[in-house]
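Trainee: Requesting a structural model of the entry that follows:
(one chain, ligands or ions: 1)
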Amino acid sequence: MAQLWGGRFTKETDKLVYNFNASISFDQKFYEQDIRGSKAHVKMLAKQGILTEKERDQILEGLEGILADVKAGRLAITSEYEDIHSFVEANLIDRIGDPGKKLHTGRSRNDQVALDMKLYVRDEIDEIDQEVKSLLEALQKIMEENVHTYMPGFTHLQKAQPVTLAHHVGAYFEMFRRDRGRLFDIRKRMNTCPLGAGALAGTTYPLDREYTAQLLDFDEPTRNSMDSVSDRDYVIELLSALSTVMMHLSRFSEEIILWNSNEYRFVEIDDAYSTGSIMPQKKNPDIAELVRGKTGRVYGALTSILTTMKGIPLAYNKDMQEDKELTFDAIDTVKGCILLFTGMIDTMTFNKDVMEASTKHGFTNATDAADYLVNHGVPFRDAHGIVGQLVLFCEEKGIALDDMTLEEYKAISPVFEDDIYEAISLETCVNKRITIGAPGPEAMEKVIKIYKEYLSK
Ligand code: ARG
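Mentor: Residues are numbered from 1 along each chain as shown. Predicted structure coming up:
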């Protein structure tokens, strides 16, 4: 048990207490960030004359050696250390001797862990952003190819009006684009450097906090040392943004599960992304179901950290160590889900004929039939009633509005003429909707162009 703080203690820590307290089993995940932070700290100390250049160089070399050895698997991070900070420091002292003991000058593990967590979260935000971007690229490709692919738009899971596959997928494009915006905002807001805050009250060493911030690509140092070591708002914001990403993925997964069902048959998930069952006929949408299921885990992480933080007095308290496992798990879960989901939709087949047939047989053009009457002077309420009668008639005969004869139309309302067929054709219903945001191909092409430009940046 290698501890950094043994001085005032007369007894060894109880083994169970030690294990309960230790965080090395999970905080080893940010060894790279811990070393990156230490290197910046040491450069700053030397610039301020707190360390000599020689000491700086020895420490930097030692830290780089540790990093290389851990990366290459030559140096194992083991549970004999309490946390990743102790592991790095102890190994440094083993390697270079006394100068290693100066690494922690003007620093506490409180501002150190605050820094490590920020660096880690910031790196992961960048990775997640790239994954969401790839997902958007996959969506954009589907949109481009399906501006004329008709499908029913639903409300209450009942066929409502015809839309296109491009339009439906475009709704998800908007959701994931907003998700990227949220990640961007969080990254910007959290990008202040806590190093130099010390345990809670800054230090008496003449640290140059601006310089450290700059070395680590932060916009500026944090402005209150107590807040610096006890702020986990950005973790909460991130988990909230990730919960929203999962909510979007989960809704889309739910639709894909429905579309892949025997009743819908709108899509076929590729064999590589489906799994079999003891029932030989089955091809299950397990990936979509798992993405939907894992959403609960990410929501759980958000609820957990919110609850952990709510009663913590200023400044650092050990409760905050609980931020790590759940954040790491949520980040890994989200990254895995986006990756798999993107692969699944990239390889999925859309049964365009089935989608179109389904659009025709669901009275999705009933609103357009009513609009036809309104355009011929019938008040909307009356038109609504007339079309209701048409639907009833068709349902009894098991046909679509398009299949009725003109005589049958006229028997219900004399206003109908031969041009009703054109007015309620799928093409017309969709193509006429050309205001910005509507499914008409003309409107869609414009939006797709905007998306393309957005993705090229
Ligand atoms: N493992 C701790 C954490 O994750 C590091 C900070 C510990 N600071 C301390 N004074 N014990 O929060």
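
Trainee: tally of neighbours for the nearest residue to Trp259 once chain neighbours are set aside?
Mentor: Leaving out its chain neighbours, the residue that sits closest to Trp259 by CB to CB, 6 or more residues apart in numbering is Phe266, at 3.8 Å. For every residue, glycine as well, the C-beta is placed using N, CA and C. Per other CB atoms under 10 Å, the neighbour tally for Phe266 reads 22.

Trainee: Now do the contacts for Phe266.
Mentor: 151, 259-260, 350-351, 354-355, 358 (CB atoms under 8 Å, 6 or more residues apart in numbering).

Trainee: Give me the subset of those residues lying in strands.
Mentor: 151, 350 (DSSP state E).

Trainee: So which of the contacts of Phe266 is surrounded by the most neighbours?
Mentor: Tallying neighbours with other CB under 10 Å puts Met151 at the head of those, with 26 neighbours.

Trainee: separation between the closest residue to that one other than its chain neighbours and the ligand?
Mentor: Spatial nearest neighbour of Met151, chain neighbours left out: Met355 (4.1 Å); criterion: CB to CB, 6+ apart. Separation of Met355 from the ligand (CB to the nearest ligand atom, to the nearest Å): 51 Å.

Trainee: can you check Leu373 too?
Mentor: Leu373 is 68 Å from the ligand, by CB to the nearest ligand atom.

Trainee: Which positions in the stretch 1-150 of the chain make contact with the ligand?
Mentor: Contacts of the stretch 1-150 of the chain with the ligand, taken as CB under 6 Å from any ligand atom, map to 23, 27, 83, 109-110, 113.

Trainee: Going by distance to Met143, which of these wins?
Mentor: Closest approach to Met143 among those (CB to CB): Asp27, at 42.2 Å.

Trainee: The closest one is in contact with Lys324, isn't it?
Mentor: Yes - if you go by CB atoms under 8 Å, Asp27 and Lys324 touch, sitting 5.8 Å apart.

Trainee: Those two: which has the busier surroundings?
Mentor: Asp27 (25 against 19).

Trainee: Now name the helix or strand holding that one.
Mentor: If you go by DSSP states H and E, Asp27 is part of helix 24-27.

Trainee: And Gly153, by the same measure?
Mentor: strand 150-155.

Trainee: For that strand, name the packing helices and strands.
Mentor: Here strand 150-155 touches strand 158-164, helix 165-190, helix 352-360, going by 3 or more CB pairs under 8 Å, 6 or more residues apart in numbering; DSSP states H and E.

Trainee: can we see that at 7 Å?
Mentor: For strand 150-155, the contact count by 3 or more CB pairs under 7 Å, 6 or more residues apart in numbering; DSSP states H and E identifies strand 158-164, helix 352-360 as packing neighbours.

Trainee: tally of neighbours for the residue in the stretch 301-450 of the chain that the ligand sits nearest to?
Mentor: Residue of the stretch 301-450 of the chain nearest the ligand, by CB to the nearest ligand atom: Gln321 (3.7 Å). Residues lying near Gln321 (other CB under 10 Å) number 17.

Trainee: In space, what's closest to it - neighbours in sequence excluded?
Mentor: Ser23 (5.4 Å).

Trainee: For the one you found, grab phi and psi.
Mentor: Backbone torsions for Ser23, taken as degrees, to the nearest 10, come to phi -120, psi 0.

Trainee: Also Ser86?
Mentor: With angles defined as degrees, to the nearest 10, Ser86 sits at phi -60, psi -40.

Trainee: Tell me, please, where in the stretch 301-450 of the chain the pLDDT is lower than the cut-off.
Mentor: Applying pLDDT under 70 to the stretch 301-450 of the chain picks out no residues at all.

Trainee: Helices of the stretch 351-457 of the chain, residue ranges please.
Mentor: 352-360, 366-375, 380-397, 406-412, 420-423, 426-431, 441-455 (DSSP state H, counting those that start in this stretch).

Trainee: show me the contacts for Glu408.
Mentor: Shown in contact with Glu408 (CB atoms under 7 Å, 6 or more residues apart in numbering): Phe393.

Trainee: wait, the residue of the stretch 301-450 of the chain closest to the ligand sits on Asn21?
Mentor: No - in this structure Gln321 lies outside contact range of Asn21 using CB atoms under 7 Å: 8.5 Å.

Trainee: Could you check the strand holding Gly153 and say which residues are buried?
Mentor: Residues of strand 150-155 classed as buried by neighbour count (16 or more other CB atoms under 10 Å): 150-154.

Trainee: What about the residue nearest to Gln321, how many residues nearby?
Mentor: 19.

Trainee: pLDDT score assigned to it?
Mentor: As predicted, Ser23 sits at a pLDDT of 97.

Trainee: likewise Gln3?
Mentor: 66.

Trainee: Compute the inter-axis angle for whichever helix in the chain runs longest and helix 165-190.
Mentor: When the chain is parsed with DSSP state H, its longest helix is helix 109-145. Helix 109-145 runs at 160 degrees relative to helix 165-190, counting by axes from the mean of the first three to the mean of the last three CA atoms, to 10 degrees.

Trainee: Numbering from 487 from now on, please.
Mentor: Done: numbering now begins at 487, and the last item shifts to helix 595-631.

Trainee: elements contacting helix 595-631?
Mentor: The helices and strands touching helix 595-631, judged by 3+ CB pairs under 7 Å, 6+ apart, are helix 517-533, helix 570-582, helix 651-676, helix 711-716, helix 719-745, helix 809-833, helix 927-941.

Trainee: which residues sit in contact with the closest residue to Val528 other than its chain neighbours?
Mentor: Spatial nearest neighbour of Val528, chain neighbours left out: Ile545 (4.9 Å); criterion: CB to CB, 6+ apart. Ile545 is in contact with 528, 578, 582, 585-586, 589, counting by CB under 7 Å, 6+ apart.

Trainee: How about the spatially most central residue of the chain: what's its closest non-neighbour residue?
Mentor: Central residue of the chain (CA atoms, centre = their mean): Val731, 3.8 Å from the mean position. Nearest residue to Val731 in three dimensions, chain neighbours excluded: Asp665, at 4.8 Å (CB to CB, 6+ apart).

Trainee: so who does that neighbour touch?
Mentor: Counting by CB under 7 Å, 6+ apart, Asp665 touches 618, 727, 730-731, 734.
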